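In: Fold the following.
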Amino acid sequence: MHKIHFLRFFFLFIFTSAIAQVQNEIAPPYNIKTVTFVQNNQNVIPIFELGSGFQFQFDDLFGNEANYYYEIVHCDYNWNPTNIPKNEYLQGFDNQRIQNYSNSINCLQIYSHYNLSIPNQFTQQLRISGNYILKILNEDRETVFSRKFMLYEDITTVPLQIKRARNVSKIEQMQNLDFSIKSSTITFQNPLKNINVRLIQNGNFNTEIKNIKPQYTIGNDLIYKYDTETQFWAGNEFLYFENKNIRVAANNIARIDSSTDIYNCLLYTNNARANFPYTLYQDVNGNFVVNNSNATNNETEADYAWVYFSLSAPTFRLNKDIYICGMFNNNNLSPEYKMDYNEKKGIYEKAVLIKQGFTNFKYVIADNKGNIDNENAIDGNFYQTENDYTILVYYKENTGRYDRIIGKGNANSLNIIN
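Out: From the prediction side, this is the model:
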């Protein structure tokens with residue numbers, strides 16, 4: 001009897017330990033802003049070729065030059081930490097203090113800007129491909145926030161076409177990904193078990209499609225031509241505002257208020273666009289650019305402003321919430337970005353502190369569990385919408401110890417076909 005109870009406890013412990021290991025991103029606290037991966041001086045989706053360098057940057061609005069440390073954790077396809085010893089995936093050390101930081105200059109909002117380069121003098125190299133979690137720690141080695149990034153090997157090709165949905169009921173609203181995986185250097189072992197993919201739209205991991213197996217194979221080529229499994233809601237073009245000159249109301253800013261400690265940018269009220277015809281205009285697919293037109297160093301001379309968003313969506317159902325999302329906040333569905341309904345005005349409102357420059361954003365519907373409702377999007381779904389798509393190919397050999405990322409495919413829906 002005691003043995004049975006012991007075994008139950010043992011397996012329960014193993015099960016709960018495995019569940020607890022999943023590495024979800026930890027959203028930054030209120031004082032941490034403008035968290036981004038940078039490569040070639042541009043904000044990028046954190047998918048890098050193995051061996052290439054990048055920077056991880058963020059601002060601390062307390063501006064007190066606090067000490068921050070970093071830790072890098074290698075994960076499997078499902079974001080569980082692998083059993084690979086750290087010295088096998090990392091040459092050098094992590095758990096080091098971020099030494100490159102500087103304070104803001106000529107800004108109403110003080111902040112300290114941190115810039116972590118990978119590789120650096122302590123972390124000389126990340127040796128293997130796969131999923132990684134970058135954790136930022138405080139002096140007590142507690143995780144303040146974390147972000148995902150991926151390293152891939154360029155040893156497969158991923159031909160990719162964007163097509164309209166095959167089912168007639170959604171042909172005007174969805175985009176379908178037809179692709180294959182080809183390699184002249186790898187003979188795939190048991191691809192139905194060992195190959196996995198991750199499909200990403202505009203760098204948004206919240207809406208990714210995963211756990212899709214090859215539909216069939218032709219020789220060593222893996223073919224994916226599904227009708228519904230690889231479809232994305234097309235959405236609409238991102239909205240934007242630009243305040244690179246923080247004192248001037250321009251580019252979707254209705255008014256500037258300078259009567260408070262920092263500038264307030266009041267945007268024009270947006271109307272829900274689901275019932276309007278699709279209109280093409282250029283965006284950067286959710287990205288943002290920090291820019292102060294009167295500065296030489298945007299990292300420390302660009303100021304922060306309260307940006308006041310307002311949305312008129314009279315037909316929206318009130319049993320779900322509306323969030324303001326984009327790469328500027330890592331598409332974070334936290335209370336800081338949840339809009340409030342103004343009964344008197346009959347519109348949704350929210351003020352968000354954002355670093356000046358050019359910012360893409362969109363309104364997202366989600367329930368209280370964070371489940372996003374793309375089908376009933378505030379701004380609708382139109383197959384003509386220009387979206388960037390990325391496919392990552394994961395491979396774990398029969399005797400492999402971790403999920404390698406062996407290839408990446410990219411395509412844009414401007415080239416959509418029927």
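
In: Give me the distance between the two termini of stretch 58-69.
Out: End-to-end distance for stretch 58-69: 13 Å, by Cα to Cα, to the nearest Å.

In: Mind listing what's buried along it?
Out: Residues 58, 59, 60, 61, 63, 68, 69 are the ones in stretch 58-69 that count as buried (16 or more other Cβ atoms under 10 Å). Every residue, glycine included, has its C-beta placed from N, CA and C.

In: contacting residues for the fifth one?
Out: By Cβ atoms under 8 Å, 6 or more residues apart in numbering, the residues touching residue 63 are 103, 104, 110, 111, 112.

In: can you pull the pLDDT of it?
Out: At residue 63, the pLDDT value in this model is 94.

In: Across the sheet, point out what pairs with the residue nearest to residue 257 when sequence neighbours are not counted.
Out: The shortest distance from residue 257 to any non-neighbouring residue, by Cβ to Cβ, 6 or more residues apart in numbering, is to residue 264 (3.9 Å). Taking DSSP bridges, one obtains residue 257, residue 306 as the residues bridged to residue 264.

In: Just give me the neighbour total for residue 264.
Out: Number of residues near residue 264 (other Cβ atoms under 10 Å) recorded here: 16.

In: What of residue 142?
Out: 8.

In: Can you tell me how far it is from residue 80?
Out: 21 Å (Cβ to Cβ, to the nearest Å).

In: Could you list the low-pLDDT ranges of the chain?
Out: 1-20, 318 (pLDDT under 70).

In: Please list all residues in contact with the most centrally placed residue in it.
Out: The chain has residue 204 as the residue nearest its centroid, 4.3 Å off, counting by Cα atoms, centre = their mean. By Cβ under 8 Å, 6+ apart, residue 204 lies in contact with 286, 331.

In: Show me what it bridges to in the sheet.
Out: Bridge pairing for residue 204 (DSSP bridges) gives the partners residue 201.

In: how close does it get to residue 364?
Out: Using Cβ to Cβ, one gets 10 Å for the distance from residue 204 to residue 364.

In: hey, what's in contact with both of these two?
Out: Contacts common to residue 204 and residue 364, judged by Cβ under 8 Å, 6+ apart, are residue 331.

In: Let me see the domain layout of the chain.
Out: Domain assignment of the chain by automatic domain parsing yields the ranges 23-152, 160-234+384-415, 239-366.

In: The closest residue in space to residue 54 that isn't next to it in sequence - how many residues pack around it?
Out: Leaving out its chain neighbours, the residue that sits closest to residue 54 by Cβ to Cβ, 6+ apart is residue 39, at 4.6 Å. Using other Cβ under 10 Å, the number of residues around residue 39 comes to 15.
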